[in-house]
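Let's see this in three dimensions:
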Amino acid sequence: MTHILVVDDSATERRRVGRLLEKGLDSAIVSYAENGRAALDSLPLKLPDLIVTDLRMPEMDGLGLVEKVAEGGFGIPVILMTSFGNEEIAVQALNAGAASYVPKSALGKHLIKTAENVIALSQGKKSRQRVLQALTEVHSRFVLDNDITYIPPLVSYLQEQIALMRILDESQLIRIGIALCEALTNAIHHGNLELDSEWRQNDEEKYFRIAEERRCIKPYSDRRVRMVATLSDREVRFVIDDEGPGFALVDLRDPTEEFNMDRMGGRGLLLIRSFMDEVTHNVVGNSITMIKNVVPLD
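Numbers count the residues shown, from 1 in each chain. Next comes the predicted model:
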């Protein structure tokens, strides 16, 4: 069973989100809190596997809840529900430790998939914590074809390696996992398969249908994604290369602009930049380097 805590000051919105989660997730048990303070007070009684919270609430808002969950070391991933006009607070919450966000205008389309990804990434790293603790550096190379189903197990494997090295805490592992998922998906979809993010914004079903078609036809089917992962007690570094034509860096949307916060393309880049300390692209635009600096854990 997966316990999810939904936090919103509107009883109608709480029930709407709860019904979406109960209907869309297997074995989901949903509980509720009317604001961040009530949610925080409930945690010592029963820790949920996931918190889904609104940003704007009395008593304690979503940003305050994210900060307190992180400060308390609860290790619970938090998904934000954002409304238009809350972009600046959402960015602050991501920087404070939130795992992801979903625009309220798109809950029906994206909440379940986002919750599934965050839960899978959170639970996938909770095993074999006492193995290989003396390891100080791992250097791995991966070659992927254009099948996005490979991404979650690959990310889970890398999270496990980082966890075994005991170089990053629980919330950082989740955030790195989400950044990796976004970057690898971008390399496959927008790099190798040359899918336009506007297609997904306008018609998600058509977007994924074209992705499946292109996976089987040349030149797309011959392309691969290559990743080099370097995990050390100084930093974790990921270099992801695709074999697509690339893009002009000046064409990248600013993900912090209000118009782009609710757009799926801007959302992925915002998550990557929020969760990693350094993010750079090559001149061609078909390679991304992401670095997270390691601060010794107490």
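
quick check, residue 240 in a strand?
Yes: the assignment for residue 240, made by DSSP: H, G, I helix; E, B strand; the rest coil, places it in a strand.

That one: neighbour count?
Using other Cβ atoms under 10 Å, residue 240 has 23 other residues around it. C-betas here are computed from N, CA, C, even on glycine.

And residue 222, by the same measure?
The number of residues packed near residue 222 is 11, by other Cβ under 10 Å.

Which residues are in contact with it?
Residues in contact with residue 222 (Cβ atoms under 8 Å, 6 or more residues apart in numbering) are residue 243.

and it, how far is that from residue 241?
Using Cβ to Cβ, to the nearest Å, one gets 15 Å for the distance from residue 222 to residue 241.

Can you show me the strands along the stretch 1-150 of the chain?
Here the stretch 1-150 of the chain has its strands, by DSSP state E, counting those that start in this stretch, at 2-7, 28-33, 50-54, 78-82, 100-103, 137-144.

Most tightly packed of those?
Neighbour counts (mean count of other Cβ atoms under 10 Å) averaged over each of the strands of the stretch 1-150 of the chain peak at strand 50-54, with a mean of 26.

Could you look up the SS state of the residue nearest to the spatial centre of the chain?
Nearest to the geometric centre of the chain sits residue 178, at 2.9 Å (Cα atoms, centre = their mean). Of the three states, residue 178 takes helix under three-state DSSP.

what's the answer for residue 160, then?
helix.

burial measure for it, as a count.
Other residues close to residue 160 by other Cβ under 10 Å number 19.

same question, the one 3 residues further on
Per other Cβ under 10 Å, the neighbour tally for residue 163 reads 22.

do the same with residue 34
16.

which residues does it contact?
7-9, 11, 14, 57.

from those residues, which is closest to residue 77?
Ranked by distance to residue 77 (Cβ to Cβ), those are led by residue 7 at 13.4 Å.

From the centre of this structure, point out the most distant residue.
In the chain, by Cα atoms, centre = their mean, residue 218 is the one farthest from centre (30.6 Å).

now it, what's its secondary structure?
coil.

For it, what are phi and psi?
Main-chain dihedrals, residue 218, degrees, to the nearest 10: phi -80, psi 150.

next one: residue 195
According to degrees, to the nearest 10, residue 195 has phi -90, psi 140.

Once you drop chain neighbours, what's closest to it?
Excluding its sequence neighbours, the residue lying closest to residue 195 (Cβ to Cβ, 6 or more residues apart in numbering) is residue 189, at 4.6 Å.

count of neighbours near that neighbour?
Residue 189: 26 neighbours (other Cβ under 10 Å).

From residue 268, how far off is it?
Distance from residue 189 to residue 268, by Cβ to Cβ: 10 Å.

swap in residue 195?
Distance of residue 195 to residue 268, given as Cβ to Cβ: 12 Å.

Spit out the contact partners of residue 214.
So residue 214 contacts 146, 193-195, 220-221 (Cβ under 8 Å, 6+ apart).

switch to 10 Å and redo it
Applying Cβ atoms under 10 Å, 6 or more residues apart in numbering, we find residue 214 in contact with 146, 189, 192-195, 220-221, 223.

same question, residue 46
Here residue 46 is in contact with 3, 5, 31 (criterion: Cβ under 10 Å, 6+ apart).

Dump those residues to CSV, plus distance to residue 72.
Formatted as CSV, those follow (distance: Cβ to Cβ, whole Å):
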residue, distance to residue 72
3, 17
5, 14
31, 18
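
Tell me where the model's unsure across the protein.
Counting by pLDDT under 70, the chain contains low-confidence ranges at 85, 124-134, 248-266, 297-298.

Pop the domain breakdown of it in here.
2-123, 137-293 (automatic domain parsing).

any idea how far residue 172 is from the residue lying closest to residue 72 once chain neighbours are set aside?
Distance criterion Cβ to Cβ, 6+ apart; nearest residue to residue 72, sequence neighbours excluded, is residue 43 at 7.4 Å. When distance is defined by Cβ to Cβ, residue 43 is 20 Å away from residue 172.

wait, isn't the residue nearest to the centre of the chain in contact with residue 97?
No: between residue 178 and residue 97 there is no contact under Cβ atoms under 10 Å: 12.0 Å.
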